[in-house]
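Engineer: coords please:
(3 chains)
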Amino acid sequence: MPHTHRVKILVLSDAASRGEREDRTGPGLRQLLEGEGWHVVACEILPDEAAEICRRLEAWTDAGECDVIFTAGGTGVGPRDVTPEATRAVCEKEVPGLAEVMRSEGLKKTRLAALSRGTVGVRKGKLIVNLPGSVRGARESVMAILDLLPHAVDLVQGRTEHPGSAFDS
Amino acid sequence: MPHTHRVKILVLSDAASRGEREDRTGPGLRQLLEGEGWHVVACEILPDEAAEICRRLEAWTDAGECDVIFTAGGTGVGPRDVTPEATRAVCEKEVPGLAEVMRSEGLKKTRLAALSRGTVGVRKGKLIVNLPGSVRGARESVMAILDLLPHAVDLVQGRTEHPGSAFDS
Amino acid sequence: MPHTHRVKILVLSDAASRGEREDRTGPGLRQLLEGEGWHVVACEILPDEAAEICRRLEAWTDAGECDVIFTAGGTGVGPRDVTPEATRAVCEKEVPGLAEVMRSEGLKKTRLAALSRGTVGVRKGKLIVNLPGSVRGARESVMAILDLLPHAVDLVQGRTEHPGSAFDS
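Structural biologist: Numbering: from 1, shown residues only, chains lettered A, B, ... in the order given. As a prediction, this is how the structure comes out:
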């Protein structure tokens, strides 16, 4: 019986957090992930404030209610884009290969993917994946790695027994 | 009316800084960039000393006289190659995707591009781009990302109004 | 007369270090490298303990007995996988391009290569290369960059005189 993977979504957007713009990325991600069989247990919006982002990521990874956190937004090069720094600040380890795969897939669609600075990290047995903030960018990035995530979650949480899956160990 | 992008070039080379070798990379970059419509407002040479490089990058980004700083040299694996570390030490954020694009383009020409450790970062609204020290390596690396830089500068400096350009936000 | 490159191999595996599992990766790497003309001067096994790994890497790079250290294992996303963090903690500089080439070559064989977090770094004139722990993963990763290593070692150790080889300087 497969482990049911639980997801929390954290949208980072100053405008959406103030209600000045409707967030379409969070609902779009929820629909996509639920269509793929994931269980979305939360979807919240925060402004692009590093300290707030760190606190929320810590609270969500301290608790045992999810396996993966997708952030959306704040991965660009603008003055308010601080999601990768906040993610890095709370994570025990980074998984650069997943970020590289998201960017290289993104580059097949738009050169602008080179400016996306999202990282992927691990904290307390949960995977944190930074996605771009646009509906399309978030969707394409998540689809670029979604097939790898169930196995990644198993490894992150110490379930390594299944044979034939070990590239590393 | 387009924003005119102003560039400073910092060549890192012990030999060139002592006058033991003529620097051809700085003038080559200047010619290339001016041909592409950029405004080169400075081109200087420093030895491969991390503290001096940091001070110069800080001074140039504290001032408002340029939008992009290209460094050339000191990105290799040798004992005196410290440009990426100096750049990282002064930057607020890194843009790994631009460094990845420069390296992957470089790999199409020479396997040695894998040894180039250049990074791209942001400090105080200016972009700092590490290029290899050879005339050819610097030229090829800059051409690999030059089309992205005007938009990147706009984003770095908080000008995000133009529609259709947002991959991230 | 070419410089003879000397290698030490450090296998990271809790099970192998306790004798609960036979290590086949170390002997496999030794055979591969000796077949390529490298001189393997040590092959040891340690558990996945960051402090022990750091101490061993420091001792091996403080001494002058090798040019390259290959680690194998501990590069995954599991709770006990700490080799990249230990490597980064002792290195003076990282060489991201070599890690990128290993991962992108690995991705041609298996999507799981995206979860391999190995890094490549430099300490005291020695190159430290993180390889995956499986026999196949280690072999494929080392073959992806082996042609670059003699030149990389020359540069790391300050031998830059040979003409035509300079991409960076």
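Engineer: Give me the distance between the nearest residue to A:Glu52 once chain neighbours are set aside and chain C.
Structural biologist: Of all residues not flanking A:Glu52 in the chain, A:Leu46 sits nearest, at 5.3 Å (CB to CB, 6 or more residues apart in numbering or on different chains). All C-beta atoms are positioned from the backbone trio N, CA, C, and that covers glycine. Using CB to the nearest CB, to the nearest Å, we find A:Leu46 at a distance of 26 Å from chain C.
Engineer: Next: A:Pro150.
Structural biologist: Relative to chain C, and taking CB to the nearest CB, A:Pro150 is found at 12 Å.
Engineer: three-state assignment of that residue?
Structural biologist: Assigned with DSSP: H, G, I helix; E, B strand; the rest coil, A:Pro150 falls in the helix class.
Engineer: quick one, what contacts the nearest residue to it once chain neighbours are set aside?
Structural biologist: Once flanking residues are discounted, A:Pro150 sits nearest to A:His5: 6.2 Å by CB to CB, 6+ apart. If you count contacts by CB atoms under 8 Å, 6 or more residues apart in numbering or on different chains, A:His5 has them with A:38-39, A:67-68, A:149-150, A:153.
Engineer: Please list the members of the residues you listed that lie in helices.
Structural biologist: A:149-150, A:153 (DSSP state H).
Engineer: Would you mind listing which of those residues are buried?
Structural biologist: Applying 16 or more other CB atoms under 10 Å in any protein chain shown to those, the neighbour count classes A:149, A:153 as buried.
Engineer: Return the member of the ones in helices among the contacts of A:His5 nearest to B:Gly158.
Structural biologist: A:Leu149 (33.9 Å; CB to CB).
Engineer: Spell out the residue ranges of the helices in chain A.
Structural biologist: With DSSP H as the criterion, chain A has helices at A:14-17, A:25-35, A:50-62, A:83-90, A:96-107, A:135-145, A:149-156.
Engineer: any chance of the ones you listed in CSV, plus distance to C:Leu10?
Structural biologist: Putting the helices of chain A into CSV (distance: least, CB to CB, whole Å) gives the following:
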stretch, distance to C:Leu10
helix A:14-17, 47
helix A:25-35, 40
helix A:50-62, 31
helix A:83-90, 27
helix A:96-107, 21
helix A:135-145, 30
helix A:149-156, 22
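Engineer: mind checking which of those is nearest C:Thr87?
Structural biologist: Closest to C:Thr87 of the helices of chain A, according to CB to CB: helix A:96-107, at 13.4 Å.
Engineer: could you give the mean pLDDT of that closest one?
Structural biologist: Helix A:96-107 shows a mean pLDDT of 97.
Engineer: That helix near chain C anywhere?
Structural biologist: Yes. Residues of helix A:96-107 contacting chain C under CB under 8 Å from any CB of the partner chain: A:96-98, A:100-101.
Engineer: can you pull the pLDDT of A:Ala166?
Structural biologist: At A:Ala166, the model reports a pLDDT of 53.
Engineer: would you list the ones in helices among the contacts of A:His5 in CSV and tack on pLDDT and distance to A:Leu127?
Structural biologist: CSV is the format used below for those (pLDDT from 0 to 100; distance: CB to CB, whole Å):
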residue, pLDDT, distance to A:Leu127
A:Leu149, 97, 7
A:Pro150, 95, 11
A:Val153, 97, 6
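Engineer: pLDDT below threshold where in chain A?
Structural biologist: Along chain A, the model assigns pLDDT under 70 to residues A:1-3, A:161-169.
Engineer: what residues does it put near chain B?
Structural biologist: Counting by CB under 8 Å from any CB, chain A sits next to chain B at A:13, A:73-79, A:81-82, A:84-85, A:99-100, A:103-104, A:106-107, A:110-117, A:132-134, A:136-137.
Engineer: Quick check on those residues: which are buried?
Structural biologist: Buried among the residues of chain A next to chain B by 16+ other CB under 10 Å: A:13, A:73-79, A:81-82, A:84-85, A:99-100, A:103-104, A:106-107, A:112-117, A:132-134, A:137.
Engineer: so A:Glu22 touches A:Ala16, yeah?
Structural biologist: Yes. The criterion here is CB atoms under 8 Å, and A:Glu22 meets it with A:Ala16 at 7.1 Å.
Engineer: more neighbours, these two?
Structural biologist: Set side by side, A:Glu22 and A:Ala16 show more neighbours around A:Ala16, with 21 against 8, by other CB atoms under 10 Å in any protein chain shown.
Engineer: Tell me which of the helices of chain A lies nearest to C:Gly121.
Structural biologist: helix A:96-107 (13.9 Å).
Engineer: what angle separates the closest one from helix B:96-107?
Structural biologist: 80 degrees (axes from the mean of the first three to the mean of the last three CA atoms, to 10 degrees).
Engineer: Show me which residues of chain A are close to chain C?
Structural biologist: Residues of chain A lying near chain C by CB under 8 Å from any CB: A:93-98, A:100-101, A:122, A:125, A:127, A:145, A:147-148, A:151-152, A:155-156, A:158, A:160, A:165-169.
Engineer: mind running it again at 10 Å?
Structural biologist: Proximity of chain A to chain C, by CB under 10 Å from any CB of the partner chain, involves residues A:92-102, A:104, A:120-122, A:124-125, A:127, A:144-145, A:147-148, A:151-160, A:165-169.
Engineer: Output stretch A:123-143 in PDB with nothing but the alpha carbons.
Structural biologist: C-alpha atoms of stretch A:123-143 as PDB (Å, rounded to 0.1, in the frame of the first residue of the first chain):
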ATOM      1  CA  ARG A 123      14.400  19.900   6.900                       C
ATOM      2  CA  LYS A 124      13.300  17.300   9.500                       C
ATOM      3  CA  GLY A 125      12.300  14.700   7.000                       C
ATOM      4  CA  LYS A 126      10.400  17.100   4.700                       C
ATOM      5  CA  LEU A 127      11.300  18.200   1.200                       C
ATOM      6  CA  ILE A 128      11.000  22.000   0.500                       C
ATOM      7  CA  VAL A 129      10.700  22.800  -3.200                       C
ATOM      8  CA  ASN A 130      10.900  26.400  -4.500                       C
ATOM      9  CA  LEU A 131       8.800  27.100  -7.600                       C
ATOM     10  CA  PRO A 132       8.500  30.200  -9.600                       C
ATOM     11  CA  GLY A 133       5.500  32.400  -8.900                       C
ATOM     12  CA  SER A 134       3.700  32.400 -12.200                       C
ATOM     13  CA  VAL A 135       1.000  29.900 -12.800                       C
ATOM     14  CA  ARG A 136       2.800  28.600 -15.800                       C
ATOM     15  CA  GLY A 137       6.300  28.700 -14.300                       C
ATOM     16  CA  ALA A 138       5.100  26.800 -11.200                       C
ATOM     17  CA  ARG A 139       3.300  24.200 -13.200                       C
ATOM     18  CA  GLU A 140       6.100  23.500 -15.500                       C
ATOM     19  CA  SER A 141       8.700  23.400 -12.700                       C
ATOM     20  CA  VAL A 142       6.700  20.900 -10.600                       C
ATOM     21  CA  MET A 143       6.000  18.700 -13.600                       C
END
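Engineer: in it, what counts as buried?
Structural biologist: So stretch A:123-143, judged by 16+ other CB under 10 Å, has buried residues A:123-124, A:126-135, A:137-142.
Engineer: Check stretch A:83-102 too.
Structural biologist: So stretch A:83-102, judged by 16+ other CB under 10 Å, has buried residues A:83-87, A:90-91, A:93-102.
Engineer: so what's A:Pro79 up against?
Structural biologist: Under the criterion of CB atoms under 10 Å, 6 or more residues apart in numbering or on different chains, the neighbours of A:Pro79 are A:48, B:92-93, B:122, B:124-125, B:155-158, B:160.
Engineer: got a list of what A:Val101 touches?
Structural biologist: Contacts for A:Val101 were tallied using CB under 10 Å, 6+ apart; they are A:95, A:120, A:141, A:144-145, A:148, C:103-104, C:107, C:111, C:113-115.
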